[in-house]
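Quick one, what's the 3D model for this:
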Amino acid sequence: MTEQQQQQVVFDQQKQLDLIREGLQQGEQVIAVYDAIGGGTGFIGLTDRRAVIQDNSFMGKKLALTSVPFSQITSVSFVSNKSMFGRLASHSAIAIHTASKTYEVEFRGENKGKHVHDIILWKILQ
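Just a heads-up that it's a prediction; the model follows:
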C-alpha cells in the first residue's frame, strides 16, 4: 500500500486499523475502521471487498472477527437519533443484512454511521 493510500484510510484507533491490516488478502485495501459502542461489538472495518466486524461478546473473554463479503450483503440500514428539529445526534447505528443474519453496529455521533452506510451501499450497488 502506498503512503498516499495509507493517508486516505479513516480510522479511530491505530490498534484496530493494524488488526484489519493483518488480515488483508493480497491486493485488498482498507477504506475505514470505526470504533463501535454498545454491547459486544468492538469495531467495524471496511475494505474494498468486505466488512469486518469485531464481536467481543463471546464467553471466556474470546472475540471474533467476522468477515462479510459485500457480495453477501442484501441491504444496509442507517439509523440516527437526530431529531426533526435539527439537534445534533449523539449516536447512530447501521444494520448489515445478509440472507441469514443481521449485524448491528452503533457509533458515537452521526457521521461515522452515515459514512459506513454509504460505503456499504456503494459497494453492494456496484
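
got any ranges where this structure has weak pLDDT?
1-7, 39-40, 57-61, 82-89 (pLDDT under 70).

Buried residues in the lengthiest helix in it, which are they?
Ordering each helix of the chain by length in residues (DSSP state H) puts helix 111-124 first. By neighbour count on 16 or more other C-beta atoms under 10 Å, the buried set for helix 111-124 is 112-117, 119-120, 123. In this view, the C-beta of every residue, glycine as well, is placed from N, C-alpha and C.

Please apply the same query to stretch 94-111.
For stretch 94-111, a neighbour-count test (16+ other C-beta under 10 Å) marks 94, 96-97, 103-108, 110 as buried.

Would you reformat these as CSV and include secondary structure and distance to residue 69?
Below are these laid out as CSV (DSSP: H, G, I helix; E, B strand; the rest coil; distance: C-beta to C-beta, whole Å):
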residue, secondary structure, distance to residue 69
94, strand, 17
96, strand, 11
97, strand, 14
103, strand, 13
104, strand, 18
105, strand, 17
106, strand, 23
107, strand, 22
108, strand, 27
110, coil, 27
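
closest to residue 78 among these?
Nearest to residue 78 among the buried residues of stretch 94-111, counting by C-beta to C-beta, is residue 94 at 5.6 Å.

what's the spacing between the closest one and residue 14?
Per C-beta to C-beta, to the nearest Å, residue 94 is found 23 Å from residue 14.

Over to residue 122?
Relative to residue 14, and taking C-beta to C-beta, residue 122 is found at 26 Å.

contacting residues around the longest helix of the chain?
Contact partners of helix 111-124, identified using C-beta atoms under 8 Å, 6 or more residues apart in numbering, comprise 10, 31-32, 34, 44, 46, 48, 51, 70-71, 73-80, 91-94, 96, 105-107.

Buried only: go through these for me.
31-32, 34, 44, 46, 51, 70, 73, 76, 78-80, 91-94, 96, 105-107.

Return the subset of these lying in strands.
Members of the buried ones among the contacts of helix 111-124 lying in strands (criterion: DSSP state E): 31-32, 34, 44, 46, 51, 73, 76, 78-80, 91-94, 96, 105-107.

and the most centrally placed residue in the chain, bridged to which residues?
Against the mean C-alpha coordinate of the chain, by C-alpha atoms, centre = their mean, the closest residue is residue 44 at 3.1 Å. Residue 44 forms beta bridges with residue 34, residue 53, as assigned by DSSP bridges.
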